[in-house]
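Visitor: make a model of this:
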Amino acid sequence: MFCMDEYRALLLTAADAAPSVERLAGGDLPDGNVTVRVAFSDLNYKDALALNGKARVVRTYPMIPGIDLAGEVMESAAERYRAGDGVVVTGFGLGETRWGGYAQLTRVPDDFLVTLPGGLSPRDAMAIGTAGLTAMLAVLALEEHGVRPDDGEVVVTGAVGGVGSMAVALLARLGYEVTASTGRLEEEEYLRRLGAHTVAGRDLFAHPERPLRSERFAGAIDAVGGETLAALLSMMRRQGAVAATGNAGGNSLPTTVLPFILRGVDLLGIDSNFAPLDRRRLAWARLAGLVTDQVLAEVARIVPLTAVPDLSREMLQGRVRGRTVVDVNA
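Guide: Take a look at the predicted model:
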């Protein structure tokens, strides 16, 4: 039987300190009206930055990292949740300003929670995680903009990463002709198994200084930013749309107004961290219907909590593909 008197967690005590697995007292749980027994978390790029003291992701110490978690409600003072409910939490400052998912136990406000849709286990939810939620929010934005499968080619940048892998799989499942762009062409077969029609290297987005290039893409999901996004904007078809989800290639955007005023291109910003709950529920419901067991098996691997620090360094070096699920009880 699980004991709430103490729990195991991966703890950061300072920006320059190595994370370590510790046993904490149950009385140390953060504020909130729902106590969750965590089954799984995951490893995202932001987690890797936090674990290695980069980019000032963590604002206060000590901190339990982990921006996502999924598990089961143990105690609830909120009317809409009962003990035994399966729930998922992503974002809302977890692992940044509030203790996160790399722990066996946590407490959160009920308005952070989404009930797991039917058919999704906590492990499935973390195989999807913030990356899959972000990809789904981007797909929803493209759909609402009017980008349809018969409009032509769509492109995903940073396609081997978590968001990119999920975006490729989702778009392919919906019938889009997907071009996957990556700097890791050795992963071509992986991307094709996810449904990519074409796999292209980073040179596809060379010459970002050109304000307009030949029209090619009807829609795009960009996880890179920087010069890649600038070049991508110049290659969009008239009335096309780009959903911007990340900045792995830099925060700057060295572009011009020409794609916007001469081709009517829309740049759609995707914020999954503080997306409204109704938007999250819609996205998770769509994910439950679209993400197959085959995709989950292809994109995700499960690792114990103790493996996270080493894997976080590999992620910052660009050596991790797809999704990494963290078993916090292993």
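Visitor: which parts of stretch 252-271 are buried?
Guide: When burial is assessed from 16 or more other CB atoms under 10 Å, stretch 252-271 yields the following buried residues: 255, 259, 263, 265-268, 270. Where you see a C-beta, it was placed from the backbone N, CA and C, and this is true even at glycine.
Visitor: just flag the most distant two among those residues.
Guide: When the buried residues of stretch 252-271 are compared pair by pair using CB to CB, the farthest-apart members prove to be Arg263 and Ile270, with a separation of 20.9 Å.
Visitor: in JSON lines: the buried residues of stretch 252-271, plus pLDDT.
Guide: JSON lines is the format used below for those (pLDDT from 0 to 100):
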{"residue": "Thr255", "pLDDT": "95"}
{"residue": "Pro259", "pLDDT": "97"}
{"residue": "Arg263", "pLDDT": "98"}
{"residue": "Val265", "pLDDT": "98"}
{"residue": "Asp266", "pLDDT": "98"}
{"residue": "Leu267", "pLDDT": "98"}
{"residue": "Leu268", "pLDDT": "98"}
{"residue": "Ile270", "pLDDT": "98"}
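Visitor: can you put the residues you listed in TSV and add secondary structure and distance to Glu186?
Guide: Written out in TSV, the entries for the buried residues of stretch 252-271 read as follows (DSSP: H, G, I helix; E, B strand; the rest coil; distance: CB to CB, whole Å):
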residue	secondary structure	distance to Glu186
Thr255	coil	30
Pro259	helix	32
Arg263	coil	34
Val265	coil	32
Asp266	strand	34
Leu267	strand	31
Leu268	strand	31
Ile270	coil	28
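Visitor: and the residue nearest the centre of the chain, what is it in contact with?
Guide: Per CA atoms, centre = their mean, the C-alpha nearest to the average position across the chain is that of Ala131, at 1.7 Å. Contacts of Ala131 were listed using CB atoms under 8 Å, 6 or more residues apart in numbering, and they are 42, 44, 161-163, 165-166, 323.
Visitor: if we go to 7 Å?
Guide: Contacts were defined as CB atoms under 7 Å, 6 or more residues apart in numbering; by that measure Ala131 touches 44, 162-163, 166, 323.
Visitor: secondary structure class for it?
Guide: Three states are possible here, and by DSSP: H, G, I helix; E, B strand; the rest coil the one that applies to Ala131 is helix.
Visitor: before we move on, what about Ser41?
Guide: Following three-state DSSP, we place Ser41 in the strand state.
Visitor: could I get the contacting residues of it?
Guide: For Ser41, the contact set (CB under 7 Å, 6+ apart) comprises 66, 68-69, 101-102, 126, 326, 328.
Visitor: can you list the domains in this structure?
Guide: 6-116+292-327, 131-269 (automatic domain parsing).
Visitor: to Arg281, which of the ones you listed lies closest?
Guide: Between Arg281 and the domains of the chain, the shortest gap by CB to CB is with domain 6-116+292-327, which sits at 5.8 Å.
Visitor: and Phe2, what pLDDT?
Guide: According to the per-residue confidence, Phe2 scores 52 in pLDDT.
Visitor: does Gly53 touch Asp16 like I think?
Guide: Yes: under the contact definition of CB atoms under 7 Å, Gly53 touches Asp16, with a separation of 5.8 Å.
Visitor: ok, these two, which is more surrounded?
Guide: Gly53 (16 against 7; other CB atoms under 10 Å).
Visitor: who's in contact with the more buried one?
Guide: By CB under 7 Å, 6+ apart, Gly53 lies in contact with 15-16.
Visitor: same thing with the one 10 residues further on?
Guide: Met63 makes contact with 12, 95, 99 under the criterion CB under 7 Å, 6+ apart.
Visitor: now Val147
Guide: Listed by CB under 7 Å, 6+ apart, the contact partners of Val147 are 154, 218-219, 241.
Visitor: go with 10 Å
Guide: By CB atoms under 10 Å, 6 or more residues apart in numbering, the contact list for Val147 reads 139, 141, 154, 171, 176, 217-220, 237, 239-243, 266.
Visitor: filter those down to the buried ones.
Guide: Applying 16+ other CB under 10 Å to those, the neighbour count classes 139, 141, 154, 171, 176, 217-220, 237, 240-243, 266 as buried.
Visitor: ok, Val155 touching Phe205?
Guide: Yes: the pair Val155 and Phe205 qualifies as a contact (CB atoms under 10 Å) at a distance of 9.2 Å.
Visitor: shared neighbours of those two, anything?
Guide: Residues touching both Val155 and Phe205 (CB under 10 Å, 6+ apart): 181, 222, 232, 235.
Visitor: ok, of those, which one's closest to Pro109?
Guide: Closest to Pro109 out of the shared contacts of Val155 and Phe205 is Asp222 (31.9 Å), distances taken as CB to CB.
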